[in-house]
Each structure stands twice: as structure tokens, then as C-alpha cells.
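> Kindly generate the corresponding structure for this input.
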Amino acid sequence: MKVFTCRKCGFSLVLSRVVRFNKNGTITLFLARDYRVSLIEADFFDEVFERIEQELGLPIMHIVSEAQRNASYVTIDRNIWGPLKMGRWFSLSKRVAVNILCRIAAWTGQGYAKTVVYKPGWLGEAIVRNPFNRDLMAAVIVGAFEGVELKPYGYSWIKMGDDDVISVRPEPSRPEIAERLTFTTPPMEKDTEVIGNIVLVLYAASDQLEVEFRQGEAETKVRATCVVGVPETAADTDADEH
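Residues are numbered from 1 along each chain as shown. Below you'll find the model as predicted:
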């Protein structure tokens, strides 16, 4: 697989058209400016995960993999918009999408991926070489399949000569841990019209010691301030417990 690069800096020409290098020190996706991109040394992930497992005395890769799987699904789903959504109903469009995803893996340095066989809605197999992280690479692939096919998928590794091949097939449901990592709230009972600036306060509580809350705006034209707070009763409970 040939990767076209800039003669001066060696950066992928295709990837340079997909991402936007901003003057404020950030890199974002060209078609989704709320999606931030960063370049990180691949070995950093392995080191961080190993340290966390040593501190906890428990394996965490199954949780990390499912989180990456969810992130991959959301990324694919967010970038299939407008007329592109119709492509999910056509086998040819899906085949093109899978080939593009294999190329994106090489453009972004995640690893080499080459489709061996792809039967839309039933089976996908690809040769994977030099993955930045074997488990996370599998999670990225599975999440991408789910984003294209809109159904749960599972995977297994098989050998084809000296190559590792990932085999992706539909599953009746997603793993329980994957569902626990995805949380959505029901829509508002009725539309609310607001004129002027607003502050949206979201109350949340967790039994975990460290929790990160993120918020995104569905409408890019809406400018709102989101504040995540903890109800007084929940704060008192947590204080008593800890």
C-alpha cells in the first residue's frame, strides 16, 4: 500500500486534507471541528496501561478496548452524514468504505490493514501488520464495522501463513461492559426555545474515584455554557462514604 507524503515534511498528503491544523495549537477534523486530533507516541499507551494495571492489580484492557470501540463507532457515525447515510444500504458503498478505512489505518500510523474478504452484513477479514496496539487496533476495526453496518460485531484472530488476520462477524448483542460505558439520557418532553445566553447545569454522580464528564453540542450554531454539578444530597453521601 503506497502512502503519498509531502516531499518536505513527510506527512501524509491525504491526512493533511482530512485534518485542520489550527493557529491556536489544536488539530481538528476538517468536517467535524469539535473532534480534536493529537499525535501521540504509540508506546505511550502500553506504558500507561501497564502502570494502571500494576497500581490496581487488575486487568483493564477489556475496559479500554470497549471504550475505544465506542469511540470508533461514534467517529464513523458522526462522519457519515447527509446523503452519505444512504450508502449504508448499498453493498458497493460499504465495500468502498471498508477499503478507505484500511487506508486510513496506514495514513494515521495505526498499522497496515488489507481486506481479505468482505461480505456486507456477514463477514469481514483483513490482514493486520504492525498494529500500534493489537487490542486497540481490533477495537477500532470492530467499532468501524458497527458504525458502517449499524449492528453489533465481535472478532477473533486467525493465522494466514505468517500474517495475523482479524475476523469480524455479527453478534446478537454487544458485551455488557460496552453497554455500561455508553450512557444516554432520554430527550426532553417538549422543545424549549431560549433567547440569549444560557447555562445548562447537568447533575451527575458516580461511585468511581475519578470520573471525566464531557459534553458536546448537537447544533454548532448554538452557543451554550455547560456546567456539570453534583446534587447536595449526592455530595453529602460521597463525603460520608470517603
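
> Could you use CA atoms for every contact and neighbour count after this?
Fine.

> so how far is Ile52 from Pro170?
Separation of Pro170 from Ile52 (C-alpha to C-alpha, to the nearest Å) stands at 32 Å.

> who has more neighbours, those two?
Remark: of Pro170 and Ile52, Pro170 carries more neighbours, 19 against 13, as counted by other C-alpha atoms under 10 Å.

> and that one, bridged to which residues?
Tyr153 (DSSP bridges).

> quick one: contacts for it?
Gly121, Trp122, Leu123, Lys151, Pro152, Tyr153, Gly154 (C-alpha atoms under 8 Å, 6 or more residues apart in numbering).

> Could you list the domains of this protein?
Annotated domains of the chain cover 1-39, 55-178, 183-242 [automatic domain parsing].

> Can you tell me the centre-most residue of this structure?
Central residue of the chain (C-alpha atoms, centre = their mean): Ala71, 2.0 Å from the mean position.

> what about the nearest residue to it once chain neighbours are set aside, which SS state?
Counting by C-alpha to C-alpha, 6 or more residues apart in numbering, Ala71 lies nearest to Gly143, which is 7.4 Å off, once chain neighbours are set aside. The three-state label given to Gly143 by DSSP: H, G, I helix; E, B strand; the rest coil is helix.

> quick one: low-confidence ranges for this protein?
Low-confidence segments of the chain, defined by pLDDT under 70: 1, 179-185, 194-200, 202, 204-242.

> Go again with 50.
Low-confidence segments of the chain, defined by pLDDT under 50: 219-242.

> what are the ranges of the strands in it?
Under the criterion DSSP state E, the chain contains strands at 19-21, 27-29, 36-37, 112-119, 123-129, 153-160, 163-170, 199-203, 225-229.

> thinking again about what came up before, export the domains of the chain to a markdown table and tack on distance to Val48?
Listed next are the domains of the chain as a markdown table, based on distance: least, C-alpha to C-alpha, whole Å:
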| stretch | distance to Val48 |
| --- | --- |
| domain 1-39 | 16 |
| domain 55-178 | 11 |
| domain 183-242 | 16 |
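
> which of those is buried the deepest?
domain 55-178 (a mean of 17; mean count of other C-alpha atoms under 10 Å).
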